[in-house]
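**Student:** Got a sequence here, can you model it:
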Amino acid sequence: MCFYCYLVAKENATSEPISQTNIDNEVASTTSKFIKNALIEDYTGAWCGWCPRVSYSITKVKESTTKVVSVAIHRGSSGGGFDPYSYSGSLPAVIKSFPTGMLNRKIEWKTPQNSYINQVIDLTKDNADLGIAMNSIVDSGNINLDIKVISTKDHNDLKFVVYVVEDGLIFNQSNYTSFYGGGSVIKDFVHNDVLRECLTNIYGDALGEIKANTLLVKKLNIPLPKNVKNVNKMKFVTMILNNNGESLNVREVAPNVNQTFEVAQ
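**Tutor:** The predicted structure is shown next:
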């Protein structure tokens, strides 16, 4: 059975009404708003000499805000450029060249430039209508991931995407930029947020109907992807997309962590 077919066979959803003052054991009013995180998808390759400008820009953004989730989607070059972390699945049709940085699935990130950090920060909010929390359990080669979603509004047309990413992967990076000390090759470059597996359709799977102030839980029970080198450096990323394919919110979680919702203060 293919990996994606196995996932679909193991997925189910539940809806749980919540009280006026309780969201997943977290005290909050049903009129609460949530933190909105910005999504950066970095289409990159170890062979790509201009790609370090995006990875460098991501580092600088993360020095300025914690409200960002990044995913590095590697691809080998048709011209023979090798990348050991190449993602073999389909890519969105808008990706025509490397590097390409996409923000919230809809905005091409022009990096680096004077406003590149603010371009990301401006997408973060403290008044999002939709919040995400995850409970991740990794044990004996299996992943149990509960994706919890709540909204202050009704929705019936949302989709969700789930990525498995990994930090700390070491491989030389071609470099045509002055970043990371310059030089044509960055030896033993540390590749972070590397996409290892997309657990849904990359354009998203149907999330199901969401009623206002009702907790929706998606439960995924799947085998650990075989290409993950270090489980302790693995993370799960979940994004919720609207009917235009734009990310309404995104969240990441490490293994064996039970998150609470990021309620705006």
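**Student:** Now do the contacts for residue 238.
**Tutor:** 132, 134, 147, 160, 161, 162, 163, 250, 251, 252 (CB atoms under 8 Å, 6 or more residues apart in numbering). (C-beta placed from N, C-alpha, C; glycine too.)
**Student:** 10 Å instead, please
**Tutor:** In this structure, residue 238 makes contact with 69, 132-134, 145, 147-149, 160-163, 199-200, 218, 220, 249-253, judged by CB atoms under 10 Å, 6 or more residues apart in numbering.
**Student:** And the pLDDT at residue 120?
**Tutor:** At residue 120, the model reports a pLDDT of 96.
**Student:** So which residue is dead centre in this protein?
**Tutor:** The centre of the chain sits closest to residue 237, judged by CA atoms, centre = their mean, with a distance of 3.8 Å.
**Student:** Please name the nearest non-neighbouring residue to it.
**Tutor:** residue 163 (4.2 Å; CB to CB, 6 or more residues apart in numbering).
**Student:** got it, and residue 207?
**Tutor:** According to CB to CB, 6+ apart, the nearest residue to residue 207 is residue 158 (4.4 Å).
**Student:** wait, the one you found sits on residue 132?
**Tutor:** No - using CB atoms under 10 Å, residue 158 makes no contact with residue 132, being 11.4 Å away.
**Student:** And the nearest residue to residue 64 once chain neighbours are set aside, how far from residue 56?
**Tutor:** Nearest residue to residue 64, sequence neighbours excluded (CB to CB, 6+ apart): residue 117, at 5.4 Å. Distance of residue 117 to residue 56, given as CB to CB, to the nearest Å: 12 Å.
**Student:** intersection of neighbour lists for the two?
**Tutor:** Counting by CB under 10 Å, 6+ apart, the residues touching both residue 117 and residue 56 are residue 111.
**Student:** does the nearest residue to residue 259 once chain neighbours are set aside have beta-bridge partners, and which?
**Tutor:** Nearest residue to residue 259, sequence neighbours excluded (CB to CB, 6+ apart): residue 133, at 4.2 Å. Note on residue 133: beta-bridge partners by DSSP bridges are residue 148.
**Student:** can you pull the contacts of residue 133?
**Tutor:** 23-24, 26, 34, 146-150, 215, 217, 238, 251, 253, 258-262.
**Student:** Isn't residue 83 up against residue 195?
**Tutor:** No - at 11.6 Å, residue 83 does not count as touching residue 195 under the criterion of CB under 10 Å.
**Student:** Looking at those two, which is more packed in?
**Tutor:** Neighbour comparison, residue 83 and residue 195: the larger count goes to residue 195, with 24 against 21 (by other CB atoms under 10 Å).
**Student:** Name the spans of the stretch 1-150 of the chain whose pLDDT lies under the cut-off.
**Tutor:** 1-31, 112-114 (pLDDT under 70).
**Student:** can you rerun that using 90?
**Tutor:** 1-32, 78-80, 90-96, 110-115 (pLDDT under 90).
**Student:** before we move on, back to that, list buried residues within the contacts of residue 133.
**Tutor:** 23-24, 34, 146-150, 215, 217, 238, 251, 253, 259, 261-262 (16 or more other CB atoms under 10 Å).
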